[in-house]
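Enquirer: coords below, sequence missing:
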């Protein structure tokens, strides 16, 4: 049994690392706060101190460029026929920052080079975006629609920030929003 | 000076490896058939035996999932208002094969993890697809339109084949074409 330690300077990071390993090897359902705490050698109460439940821990483990629950919240706010614009605006607001862009690239890199990270990303998107969005759209093919939105967003991230494909890489965020929003809207409601 | 050898069993592979290194470090313009031959330790005539010029060698070095010149040719054939469907159909016909999918994944992996591969992919797409397509579209923003098409295709590859995002991953090719073609068409001619 690992020794229990009080919170040190990198305790949060060690919890996230233990969580990432557990989510990657066991998946979301079979990972528990208690198990992660044990793997990190800390008390479960300390995990609860840093993270507001297993989903919050999962998001930290994914190192997502954006909290997927924000997207679900965006959905509820404002008219459905402007949802495409809201989604791309929200993602760009993260990706245009140095920190947000670095995390997005790390996630892309991880997903492309590691089957386990790809599985985590897949599970994360499905669990935290698809289910709420499908409920809002209310069509039988809602998850397919959201998957297409996700594909265009991933491709935008790859082409603009990783491959740096011109002239897309140097287009202004407004120009990108103007071009991409109708696509996302089409996928969602056409 | 490296010794000149006649063609052996892996000579073609050695030429491609030397070319890849040269294109990555010097770029397309500053790479020559003669220089690649020297780096590979073979006669320039042997490079010409395997490859129909520098562009052909560049495509081999990129290990692209599809010959980008095929896309340019596709453009010329058939009506412009069905171009989006033709493009996605062409890419899927490659990505749905084991070999084509493996090469596409290798390219994605390389582009995401290596700045040099990203640069080669960027240069390859720009040189071999953008210029001819821009000529056909004939609008001032033609290259931006084609960059958006490229972003959706990259995102489709990533979401469907690498992340394996459901239900997009298990959709039939026809279903994917039906969903993606209007997006590409919109980017090209809307």
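Expert: Perfect, thanks for sending it. None of the values given here were measured: they were computed from a predicted structure.
Enquirer: make it CA atoms for all contacts and neighbour counts henceforth
Expert: OK.
Enquirer: where does chain A have low pLDDT?
Expert: A:1-9, A:64-66, A:68, A:71, A:74-75 (pLDDT under 70).
Enquirer: Tell me the residue of chain A that sits nearest chain B?
Expert: Nearest residue of chain A to chain B: residue A:155, at 3.5 Å (C-alpha to the nearest C-alpha).
Enquirer: Which helix or strand contains that residue?
Expert: Element membership for residue A:155, per DSSP states H and E: helix A:142-156.
Enquirer: what's around the residue of chain A closest to chain B, how many residues?
Expert: 25 (other C-alpha atoms under 10 Å in any protein chain shown).
Enquirer: Touching, it and residue B:160? I think so.
Expert: No - counting by C-alpha atoms under 8 Å, residue A:155 does not reach residue B:160; the two are 11.6 Å apart.
Enquirer: Let me see the domain layout of chain A.
Expert: A:11-61, A:64-189 (automatic domain parsing).
Enquirer: Between its first and last residues, what's the separation in stretch A:136-144?
Expert: End-to-end distance for stretch A:136-144: 14 Å, by C-alpha to C-alpha, to the nearest Å.
Enquirer: Outside of it itself, list whatever touches it.
Expert: A:75-76, A:130-131, A:133-134, A:188, B:166-168 (C-alpha atoms under 8 Å, 6 or more residues apart in numbering or on different chains).
Enquirer: Identify each buried residue in that stretch, please.
Expert: Using 16 or more other C-alpha atoms under 10 Å in any protein chain shown as the test for burial, stretch A:136-144 gives A:137, A:142-144.
Enquirer: Show me the two of these that sit farthest apart.
Expert: Within the buried residues of stretch A:136-144, two members stand farthest from each other by C-alpha to C-alpha: A:137 and A:144, at 11.2 Å.
Enquirer: all helices of chain A, in order?
Expert: Ranges of helices in chain A, per DSSP state H, are A:11-26, A:33-40, A:44-50, A:54-62, A:68-76, A:83-95, A:98-113, A:115-125, A:131-137, A:142-156, A:173-189.
Enquirer: okay, those, which one's buried deepest?
Expert: helix A:142-156 (a mean of 25; mean count of other C-alpha atoms under 10 Å in any protein chain shown).
Enquirer: Between the buried residues of stretch A:136-144, which sits nearest residue A:59?
Expert: Nearest to residue A:59 among the buried residues of stretch A:136-144, with distances taken as C-alpha to C-alpha, is residue A:143, at 20.4 Å.
Enquirer: Residue A:150 contacts residue B:159, correct?
Expert: Yes - the pair residue A:150 / residue B:159 is scored as a contact, 7.5 Å apart, by C-alpha under 8 Å.
Enquirer: So what angle separates the directions of the helix holding residue A:155 and helix A:98-113?
Expert: 110 degrees (axes from the mean of the first three to the mean of the last three C-alpha atoms, to 10 degrees).
Enquirer: How far off centre is helix A:142-156?
Expert: 13 Å (C-alpha atoms, centre = their mean, to the nearest Å).
Enquirer: Quick one: name the residues of chain A near chain B.
Expert: A:105, A:108-109, A:111-113, A:118-119, A:121-122, A:126, A:143-144, A:147-148, A:150-156, A:158-160, A:162-168, A:179, A:183, A:187 (C-alpha under 8 Å from any C-alpha of the partner chain).
Enquirer: doesn't residue A:146 make contact with residue A:133?
Expert: Yes - contact criterion C-alpha under 8 Å: residue A:133 and residue A:146 qualify, at 7.4 Å.
Enquirer: Need the nearest residue in space to residue A:92, chain neighbours excluded.
Expert: Spatial nearest neighbour of residue A:92, excluding adjacent residues (C-alpha to C-alpha, 6 or more residues apart in numbering or on different chains): residue A:173 at 6.9 Å.
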